[in-house]
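**Q** Mind folding the following:
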Amino acid sequence: MDLKDLFLDKEKYLDKKITLCGWIRNHRDQKTFGFIDFADGTCQQHLQVVYDEKLANFNEVQKLLIGSSLEVTGKVVKSQGQQDIELQAESIRLIGDCKDNYPLQAKGRPTREFLREIAYLRPRTNLFQAVFRIRSVAAMAIHEYFQSHNYLYVHTPLITTADCEGSDQMFKITTLDFNNLPMEDNVVDMKKDLFNKQAFITGTGQLHGEAFAMAFKKIYTFGPTFRTENSNTKTHANEFWMIEPEIAFCDLNGLMDIEEDMLKYVVSYVLEHCSEEIAFCDKFVEQGLKEKLEKLVSSQFTRITHHDVVDILKKAPNKWEFTPSYEDDIAKEHEKYITEYFNGPVFITNWPKDIKAWYMKLNDDNATVAAVDLEVPGAGELMGGSEREADYDKIIARAKAMNVDIDTVDWYMNLRRFGGCYHSGFGMGFERLIIYLTGVENIRDVIPFPRTPGNCEY
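**A** Numbers count the residues shown, from 1 in each chain. Next up, the predicted model:
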């Protein structure tokens, strides 16, 4: 059985014999008895296994080292120590031993930087047990939300020829031999490639998602995306996961309703299903985490235009490192101030067109687009979305103005010609969400095996 089942119904198993398989987290051996801190990875809690010299292999058990895997059979009893229950072992069988140079010893708490160097072992620590269980449960919450609201889950392609985010931000792929490239007129002849043209690893599933939204009304993607951005910040990685819903017959206000509803649902779901993990992170990672998350669920999300945000920032008493501008993005310091100013999450709408993507709906002022970013306290931007441009002539003109290769997205433009409608969508970086839910501030610590500039291990 699993430890999670035991701790969910301790009374049911009291004075019953059970068998568990798991690992030694700590081992204190005495002359005639010993204590094993036992975990199996199915829950945040550990079980104390008590054994004595009645064991047939008592001497061998006393030599077992931290990290070893075991099969333990015994009776569940009320604990004489700090735990509610413990296991009185009747047999302990070694399944896999562990060498004495095992990096994760009980003494001291290893730094996260050190654990990144042994990323294949860090899931065994209490911190990463909590982080990756929260990640798993949050993923389930996202699927449950969209499935219960009639969305279709679409698997958009990872290999694409669409210049969706600009090829300078996309990984190029080829089957050509770099040591013997076919050339024509002094350029590489991509017709000799497997796809007969330049292909990329996708930076977003949005464009393909919109094609399905024009048939299924409401869809979402949830999968890996890739960007070549050479950034070493705590919130950027070259491989990460994205949630991207696309909704037909939905304007910008309707989109904000969905963003708020979905986020509150996911946070509530995690609070309910990961109470032990949230409590652990609240104690050891970010004090006040649980209160922060509970406050978000009960918050009223503010809606304000980019222009009005800049007005507030310009009137603020703060000495800004980056001067607020009506034509530019807002900085991290601005995001923090605005969420504190409104004491809660803030939707910032109607952004300057020149700093936003070519597929966003141009507003009547011809200076802004119907885009929205969601800023949340303590994390900054969590989601970004927009109403999409539904007018064929306008999106063609906008794409040309921003030097988009029209030939690579002609099919996408045709969605406006063949029964198109007003529609909207947003993207949420899954790791940004996990950072917010756990308080762990570095994206490298919420991805199992992070891919960042200069780092592609394992």
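
**Q** can you tell me which residues contact Q80?
**A** Q80 makes contact with E86, according to CB atoms under 8 Å, 6 or more residues apart in numbering. For glycine as for every other residue, the C-beta is placed from the backbone atoms N, C-alpha and C.

**Q** and if you look at L121?
**A** 103-104, 115.

**Q** again, but for I142
**A** Taking CB under 8 Å, 6+ apart as the test, what I142 contacts is 222, 243, 262, 266.

**Q** In three-state terms, label the last one for me.
**A** So the one you mean is V266. State at V266, reduced to three classes by DSSP: H, G, I helix; E, B strand; the rest coil: helix.

**Q** Which positions in stretch 220-228 come out as buried?
**A** Under the neighbour-count criterion of 16 or more other CB atoms under 10 Å, stretch 220-228 has 220-223, 225-228 buried.

**Q** pLDDT on that stretch, on average?
**A** Across stretch 220-228, pLDDT averages out at 95.

**Q** Just the ones of the contacts of I142 in strands?
**A** Among the contacts of I142, DSSP state E puts 222, 243 in strands.

**Q** Just the closest of the contacts of I142 to D40, please.
**A** V266 (26.9 Å; CB to CB).

**Q** Would you mind measuring from the closest one to L121?
**A** Taking CB to CB, to the nearest Å as the measure, V266 falls 29 Å from L121.

**Q** now do L293
**A** Taking CB to CB, one finds L293 at 29 Å from L121.

**Q** One more: Y412?
**A** Distance of Y412 to L121, given as CB to CB: 44 Å.

**Q** just the helices in the protein please.
**A** Assigned by DSSP state H, the helices in the chain fall at 3-8, 10-13, 58-62, 112-117, 126-148, 206-216, 252-273, 275-284, 289-298, 306-315, 332-342, 392-401, 410-414, 430-438.

**Q** Residue ranges in the stretch 301-450 of the chain under the pLDDT threshold?
**A** Within the stretch 301-450 of the chain, the set of residues satisfying pLDDT under 70 is empty.

**Q** ok, back up a step: which among the helices of the chain is found nearest to T32?
**A** helix 58-62 (8.6 Å).

**Q** Tell me which residues are up against the closest one.
**A** With CB under 8 Å, 6+ apart as the test, helix 58-62 has contacts from 29, 34, 51-52, 55, 92, 94.

**Q** ok, 7 Å please
**A** With contacts defined as CB atoms under 7 Å, 6 or more residues apart in numbering, helix 58-62 is touched by 29, 34, 51, 55, 92.

**Q** For the second one, the count of nearby residues, please.
**A** Okay, so that is G34. 21 (other CB atoms under 10 Å).

**Q** Could you find the closest non-adjacent residue to it?
**A** Excluding its sequence neighbours, the residue lying closest to G34 (CB to CB, 6 or more residues apart in numbering) is Y51, at 5.5 Å.

**Q** if I pick the one you found, what's in contact with it?
**A** Contacts of Y51 by CB under 7 Å, 6+ apart are 33-34, 61, 89, 92.

**Q** and the contacts of I142 as JSON lines, adding distance to R133?
**A** What follows is the contacts of I142, written out as JSON lines (distance: CB to CB, whole Å):
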{"residue": "F222", "distance to R133": "18"}
{"residue": "I243", "distance to R133": "19"}
{"residue": "M262", "distance to R133": "21"}
{"residue": "V266", "distance to R133": "15"}
